[in-house]
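J.: Sequence first, predicted coordinates after that:
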Amino acid sequence: MTADPASDLVRWVKEGEHLFRLTLESLRGAAALGSKVEDLAEENRRLRQDNEALRRELDVLRAERLEVADTFKAFAEHVTHLATLALQRLGSRGQLAGDAARPPQAPRVN
């Protein structure tokens, strides 16, 4: 404290105004941050919902992929079985051995 109480009072008022301004700025900043936190929380909730929806879709696609793979496997087994039967029938008639021994014939011209 100085000998002049008026100058002390002016200094205290100026310091009080400065502290009041700092307090207002802090409150405004806190309000802005609170709003930002709410926005981020909303975005986080939305992203979690999107993530869950994508997980469900991925599960469906995986199940469909397994179903398609099983279908292709059954189809390939069926084709293999038919090809084996055809080869057996041709081989049992001696056609495979006979066809391999004969040279290819030229097309006939009439």
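T.: On my side now, so go ahead.
J.: Any idea how many residues pack against Phe89?
T.: Residue 89: Arg, not Phe. Other residues near Arg89 number 11, with proximity taken as other CB atoms under 10 Å. Bear in mind the C-beta positions are built from the backbone N, C-alpha and C, glycine included.
J.: Can you tell me the element Phe75 falls in?
T.: Per DSSP states H and E: Phe75 is located in helix 5-92.
J.: Which secondary structure elements does that helix sit against?
T.: Using 3 or more CB pairs under 8 Å, 6 or more residues apart in numbering; DSSP states H and E as the contact test, the elements touching helix 5-92 are helix 95-101.
J.: For the helix holding Phe75, the averaged confidence score.
T.: When pLDDT is averaged along helix 5-92, the result is 94.
J.: how far is that helix from where the chain is centred?
T.: When distances are taken as CA atoms, centre = their mean, to the nearest Å, helix 5-92 is centred 9 Å away from the chain's centroid.
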